[in-house]
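Visitor: Need coordinates for the below:
(2 chains)
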2 protein chains.
Amino acid sequence: MGEEWIRATYWVETPLSLEEAAEAIAGEQSSGTFVAVPGETAELRERHRARVESVRPLGEVDCPTLLGARYPNVAQRFRRGEVRIAFPFENVGTNLPTLLATVAGNLYELKELSGLRLVDLELPEAYGRAYAGPQFGVAGTRELTGVFDRPVIGTIVKPSVGLTPEQTARLVQELAEAGIDFIKDDELQANSPHSPFAERARAVLRAVHEHADRTGKRVMVALNITDDLDAMMRHHDLVYALGGTCVMVSLNSVGWAGVHYLRQRAALPIHGHRNGWGMWTRCELLGMEFRVYQKLWRLLGVDHLHVNGLDNKFWEPNESVVRSIRACLTPIFRDSDCAMPVVSSGQWGGQAPETYRQTQTVDLMYLAGGGIMAHPGGPASGVRAIRQAWEAAVGGIPLEEYARTHPELAEALRRFGTRE
Amino acid sequence: MGEEWIRATYWVETPLSLEEAAEAIAGEQSSGTFVAVPGETAELRERHRARVESVRPLGEVDCPTLLGARYPNVAQRFRRGEVRIAFPFENVGTNLPTLLATVAGNLYELKELSGLRLVDLELPEAYGRAYAGPQFGVAGTRELTGVFDRPVIGTIVKPSVGLTPEQTARLVQELAEAGIDFIKDDELQANSPHSPFAERARAVLRAVHEHADRTGKRVMVALNITDDLDAMMRHHDLVYALGGTCVMVSLNSVGWAGVHYLRQRAALPIHGHRNGWGMWTRCELLGMEFRVYQKLWRLLGVDHLHVNGLDNKFWEPNESVVRSIRACLTPIFRDSDCAMPVVSSGQWGGQAPETYRQTQTVDLMYLAGGGIMAHPGGPASGVRAIRQAWEAAVGGIPLEEYARTHPELAEALRRFGTRE
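Guide: Residues are numbered from 1 along each chain as shown, chains lettered A, B, ... in the order given. Down below sits the predicted model:
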């Protein structure tokens, strides 16, 4: 056990040398102390001290990224670099919350740093044994939706808040008629006075079952169970009892231990919404990369993970979205621990060729709002247009060419293709 | 109910006008949508749309704080300001995780913003009824420690990791002999292979009880129960069964719903460690202010909250620490919902006069590491010196003057008083 390591890679910015900054992290986050105490021996340090494994310079800047890097006697240039630090597994064990306290805890407070971003994390096999990972993942989601060999096409209940349970159910019915595979609650709608969860779940799942009985197609609805934990479990159990096939959770609001608790008791796929993630990642030298974040949620057992989409309406650049999709589909300890990336925000099908070209996968949930609801031919044409766009993308056929024989795609190109 | 509001105040930075930025937040985080859907009526918008209540300009900058604020047709100056937005309570209900998804969710992703920081949050009375708040708080912590009319003086087990349960117990015994009131595990030490939680709890609490039987003074030890939730509950129950009087939790690693779950089942004060908080607050126009963060944890029932200390060894400036202390001791819905601020990092007593002058309170836990362990007269002298420093601070007597008749304080001043 003493031979196993947890390896964390950081981008740092510092008024010190990169080596000093790396040692500050390693010391603060393991056995480092300035005061001799009983039992602190060379042997203890040898066994428990984190080690700096590599330091790679990445340039210098004049202006510090973060507040409060205070080193009065050092010239005020700020060095950037990538450092890798190995923490003894024995310090932490397979305790994921304490793993976070170790690799993403007080080190963000260090005045030796004017920037710190956790960019990669390698864990010993013991984590793969201790944490079950996704219960459904890609294969289970395909089984439950009955969608194979193409993305699962979905949408979001809009307006985000304000619809009554019956109004929500009517919208679900209309979307089911349109041929959609998947629908999710908005993250703003959970269990509110105007749309109590139990009433909404009953009304929505009644609509799902009526449609399935009539057509054989059972739409997967991710009902947003986000709440206090006991309420979340009641919501989950109700969805399961009503024959639903998915629950949605706002990951950051529920938190690491809460989602793990749900996973251990869940009988349904967990649709993981990352709202609030911008706070973790949008300052370029703070927080963490999605590569790390998604790995931890997958270990805890999240089945679907939001990744934004190409040409989205948010801040995120396309290369970051592509990295996120690839990350979710890269095994950690086993093939089954991949999560289904949920592509959304400003999607209408026009992004399909580039998304496919850069990721070479159809193991995606592809969510569109306006791309479906605002299609000139109505929602059914919107869903068909997106399917056609993916057929073209996978076949390597330009959208314009495929549109000649596919009128819904042609209409989508005319309606959405010229948006800036 | 339709008359009640959740009010969130933000600092924003934007390439647009402040009014446009505020409306983008209000729309994204309530009923705003660009696509007409069935059931979206003027009445729904009137009832569920968030409202911009105030906009106050705070200057302009040339350089955006965050990545990805994309507005190609707008002049590239970035306006800063404070905006207050009211969200209908009816959209959310008393669902704290969904409250977070609303006031601190996708809005961090908006490309209309190059900076966003949640700086205040006012909640309707219903939150005070739905969430129990601290079970012990200031009064309960004083009862359990037997310390009144002065700060609870404490320290942290060091080295952070590496001691065996027996070594930890010997250190606790030594600190108890020194007259300390409170000891906490380091956040890096929870339930690890070299210090299994149950063994450490048994050894440490045996030392606590032996000391109490002999002297009548029962030291409060915050054992770090941070773990997966079922394990955390087992750890809590063990501490309670063994006669312990406190448990510690890494708040960010366990998460909002997990800590609430613990609080509903806890029989002991919850010592809330905020490690990782730097990520939430250290970029000046991202994340949130501690004022908001501490309020949410107190609602969920955290009894003690870390706030850093004056002249600390981390990045945080003194004025921020002072604001944090005051915030923890300002009632939200009732006097009993205050949490005990935990002052630590680089403390040795020398900061007592200024801490008291600026906060006018002794309702603090005052933690020192080196200030106790490295005192020239040993730990007992270190504890006495800190008590003397607080006596002087409260009495308005300069430390140097008080030191003339208090040799331990005099030694502390000589040893620590000249550090930069």
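Visitor: show me what contacts A:Pro353?
Guide: A:Ala389, A:Ala392, A:Ala393, A:Pro398, A:Leu399 (C-beta atoms under 8 Å, 6 or more residues apart in numbering or on different chains). Every C-beta, even on glycine, is put in place using the N, C-alpha and C of the backbone.
Visitor: again with A:Leu116
Guide: By C-beta under 8 Å, 6+ apart, the neighbours of A:Leu116 are A:Tyr10, A:Trp11, A:Val12, A:Glu13, A:Ile25, A:Leu66, A:Leu107, A:Tyr108, A:Leu110, A:Leu285, A:Leu286.
Visitor: ok, back up a step: going by neighbour count, which of the contacts of A:Pro353 comes out on top?
Guide: Within those, A:Ala389 tops the neighbour count with 30 neighbours, counted by other C-beta atoms under 10 Å in any protein chain shown.
Visitor: Of the contacts of A:Leu116, which are in range of chain B?
Guide: Subset of the contacts of A:Leu116 in contact with chain B: A:Leu66, A:Leu107, A:Tyr108, A:Leu110, A:Leu286, counting by C-beta under 8 Å from any C-beta of the partner chain.
Visitor: got CSV for the residues you listed, with distance to A:Leu299 too?
Guide: Shown next, in CSV, are the ones next to chain B among the contacts of A:Leu116 (distance: C-beta to C-beta, whole Å):
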residue, distance to A:Leu299
A:Leu66, 29
A:Leu107, 21
A:Tyr108, 22
A:Leu110, 27
A:Leu286, 23
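Visitor: Between those, which sits nearest chain B?
Guide: Nearest to chain B, judged by C-beta to the nearest C-beta, of these is A:Tyr108 at 2.9 Å.
Visitor: Please report the number of neighbouring residues for that closest one.
Guide: Using other C-beta under 10 Å, A:Tyr108 is surrounded by 24 other residues.
Visitor: what's the helix or strand for the closest residue in space to it that isn't next to it in sequence?
Guide: Closest residue to A:Tyr108 apart from its sequence neighbours, by C-beta to C-beta, 6 or more residues apart in numbering or on different chains: B:Gly278 at 2.9 Å. Per DSSP states H and E, B:Gly278 falls inside helix B:277-281.
Visitor: Can you give the contact residues for that helix?
Guide: In this structure, residues lying in contact with helix B:277-281 by C-beta under 8 Å, 6+ apart are A:104, A:106-109, A:279-280, A:286-288, B:252, B:287-290, B:293, B:306, B:314-315.
Visitor: Looking at the ones next to chain B among the contacts of A:Leu116, which one is closest to A:Gly349?
Guide: Ranked by distance to A:Gly349 (C-beta to C-beta), these are led by A:Leu286 at 35.0 Å.
Visitor: List the contacts of the closest one.
Guide: Here A:Leu286 is in contact with A:Thr65, A:Leu66, A:Tyr108, A:Gly115, A:Leu116, A:Arg117, B:Met279, B:Arg282, B:Cys283, B:Leu286 (C-beta under 8 Å, 6+ apart).
Visitor: Is it possible to get TSV of those that adds distance to B:Pro331, pLDDT and secondary structure?
Guide: Formatted as TSV, the contacts of A:Leu286 follow (distance: C-beta to C-beta, whole Å; pLDDT from 0 to 100; DSSP: H, G, I helix; E, B strand; the rest coil):
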residue	distance to B:Pro331	pLDDT	secondary structure
A:Thr65	37	94	coil
A:Leu66	33	95	coil
A:Tyr108	30	97	helix
A:Gly115	37	97	strand
A:Leu116	35	98	strand
A:Arg117	38	98	strand
B:Met279	28	97	helix
B:Arg282	28	97	coil
B:Cys283	30	97	coil
B:Leu286	29	98	coil
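Visitor: Pick out the most distant pair among these.
Guide: Between any two of the contacts of A:Leu286 (C-beta to C-beta), the greatest distance is 13.6 Å, for A:Leu116 and B:Leu286.
Visitor: Around chain B, pick out the residues from the stretch 251-400 of chain A.
Guide: Residues of the stretch 251-400 of chain A found near chain B (C-beta under 8 Å from any C-beta) are A:252-261, A:264, A:273, A:275-280, A:282-284, A:286-288, A:308, A:313-317, A:369-370, A:373-374.
Visitor: Are any of these buried, and if so which?
Guide: Buried members of those, counted by 16 or more other C-beta atoms under 10 Å in any protein chain shown: A:252-261, A:273, A:275-280, A:282-283, A:286-288, A:308, A:313-316, A:369-370, A:373-374.
Visitor: Just the ones of those in helices?
Guide: A:252-254, A:256-261, A:277-280, A:370, A:373 (DSSP state H).
Visitor: where are the low-confidence patches of the stretch 1-150 of chain A?
Guide: A:1-2, A:32-39, A:71-75 (pLDDT under 70).
Visitor: how about the helices in it?
Guide: With helices called from DSSP state H, counting those that start in this stretch, the stretch 1-150 of chain A shows them at A:18-28, A:42-48, A:89-92, A:96-103, A:125-130, A:137-145.
Visitor: Run through the neighbouring helices and strands of the shortest one.
Guide: If contacts are counted by 3 or more C-beta pairs under 8 Å, 6 or more residues apart in numbering or on different chains; DSSP states H and E, helix A:89-92 sits against strand A:5-14, helix A:42-48, helix A:96-103.
Visitor: which residues are contacting it?
Guide: A:1-2, A:4-6, A:30, A:47-48, A:50, A:98-99, A:102, A:124, A:126, B:161-162, B:188-190, B:192-194.
Visitor: what's near enough to touch the residue of chain A found nearest chain B?
Guide: Using C-beta to the nearest C-beta, the single residue of chain A nearest to chain B is A:Gly255, 1.1 Å away. Taking C-beta under 8 Å, 6+ apart, we find A:Gly255 in contact with B:Asn252, B:Val254, B:Gly255, B:Trp256, B:Ala257, B:Gly258, B:Val259.
Visitor: Tell me which two in those residues are the farthest apart.
Guide: Farthest pair in these (C-beta to C-beta) is B:Asn252 and B:Ala257. Separation: 12.8 Å.
Visitor: tell me the secondary structure for the most centrally placed residue in chain A?
Guide: Residue closest to the average C-alpha location in chain A (C-alpha atoms, centre = their mean): A:Leu305, at 3.8 Å. Secondary structure, DSSP: H, G, I helix; E, B strand; the rest coil: A:Leu305 is strand.
Visitor: Check the one 5 residues further on too.
Guide: Classification of A:Leu310 into helix, strand or coil gives coil, according to three-state DSSP.
Visitor: and it, what does it touch?
Guide: Neighbours of A:Leu310 in contact, by C-beta under 8 Å, 6+ apart: A:Asn318, A:Val321, A:Val322, A:Val343, A:Gln351, A:Glu354, A:Thr355, A:Gln358.
Visitor: so which of those would you say is closest to B:Gly216?
Guide: Closest approach between the contacts of A:Leu310 and B:Gly216, by C-beta to C-beta: A:Val321, at 63.2 Å.
Visitor: The closest one: what's it in contact with?
Guide: A:Val321 makes contacts with A:Val307, A:Asn308, A:Gly309, A:Leu310, A:Asn312, A:Val343, as judged by C-beta under 8 Å, 6+ apart.
Visitor: Try it again at 10 Å.
Guide: A:Val321 makes contact with A:290, A:307-312, A:314, A:341, A:343, A:345, A:351, A:355, A:358-359, according to C-beta atoms under 10 Å, 6 or more residues apart in numbering or on different chains.
Visitor: Low-confidence bits of the stretch 151-300 of chain A, can you list those?
Guide: Using pLDDT under 70, nothing in the stretch 151-300 of chain A is flagged.
Visitor: about what we covered before: which of the helices and strands packed on helix A:89-92 is buried the deepest?
Guide: Mean neighbour count (mean count of other C-beta atoms under 10 Å in any protein chain shown) peaks for helix A:96-103 among these, with a mean of 26.
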